[in-house]
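Peer 1: Sequence unavailable; structure follows:
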């Protein structure tokens, strides 16, 4: 009988300690600061106007640039991965991904386009002038004759663009 009471007392003590630890370490939003994610998502998106056509950045400020030069425009990378011939860095989670080839930004994928429709005005989101695409469909627009860029491809639905993929050199 005594051993059952001792086991029960230890279990209650463990639960009380765990609950106390959780209470002291929780944040007002409920996430634990120990989860390694200290990015302020609310601040990042609080000023994003979903219908805006204002540029997120100017492609001329990032195309063909080094990682340090891009960090001055987009901020420090959120995450970077290296491979044999390239490295890939993500900026502002869910916003922009850059593939560096030979140390220069060569492929860019921009996903934080708000509620921008898939149309010729979409180029303004990366600081380019609106232009007629070389080819287009309901799900895709492709520009291949833009200055200093090999290709810009927009993918989505007529109502909302999902991403822009920009190829600079290769």
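Peer 2: Nice, thanks for sending it over. Because the structure is predicted, anything quoted here is derived from the model rather than measured.

Peer 1: Against residue 74, how distant is residue 68?
Peer 2: 11 Å (CB to CB, to the nearest Å). Backbone N, C-alpha and C define where each C-beta goes, glycine included.

Peer 1: domain assignment for the protein?
Peer 2: According to automatic domain parsing, the chain comprises the domains 2-35, 43-167.

Peer 1: Same list, those domains, but as a markdown table with mean pLDDT and mean neighbour count please.
Peer 2: Below are the domains of the chain laid out as a markdown table (pLDDT from 0 to 100; neighbours: other CB atoms under 10 Å):
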| stretch | mean pLDDT | mean neighbour count |
| --- | --- | --- |
| domain 2-35 | 69 | 9 |
| domain 43-167 | 89 | 16 |
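
Peer 1: What ranges does the chain have for its strands?
Peer 2: 79-82, 86-91, 96-101, 104-110, 135-136, 140-143, 151-156, 161-167 (DSSP state E).

Peer 1: Going by contacts, tell me the helices and strands next to the first one.
Peer 2: Going back to what we said before, that points to strand 79-82. strand 86-91 (3 or more CB pairs under 8 Å, 6 or more residues apart in numbering; DSSP states H and E).

Peer 1: quick one: strands adjacent to the strand it packs on?
Peer 2: strand 79-82 (antiparallel), strand 96-101 (antiparallel) (DSSP bridges).

Peer 1: out of the ones you listed, which comes closest to residue 13?
Peer 2: strand 79-82 (40.4 Å; CB to CB).

Peer 1: and the gap between residue 158 and residue 98?
Peer 2: For residue 158 relative to residue 98 (CB to CB), the value is 28 Å.

Peer 1: now swap in residue 6 and tell me
Peer 2: In this view, residue 6 and residue 98 are 60 Å apart by CB to CB.

Peer 1: Quick check: closest non-adjacent residue to residue 104.
Peer 2: residue 64 (5.1 Å; CB to CB, 6 or more residues apart in numbering).

Peer 1: quick one: contacts for the one you found?
Peer 2: By CB atoms under 8 Å, 6 or more residues apart in numbering, the residues touching residue 64 are 104, 105, 106, 148, 168, 169.

Peer 1: how does it look with 10 Å?
Peer 2: 104, 105, 106, 148, 149, 168, 169 (CB atoms under 10 Å, 6 or more residues apart in numbering).

Peer 1: give me phi/psi at it?
Peer 2: Per-residue torsions, residue 64: phi 80, psi 10 (degrees, to the nearest 10).
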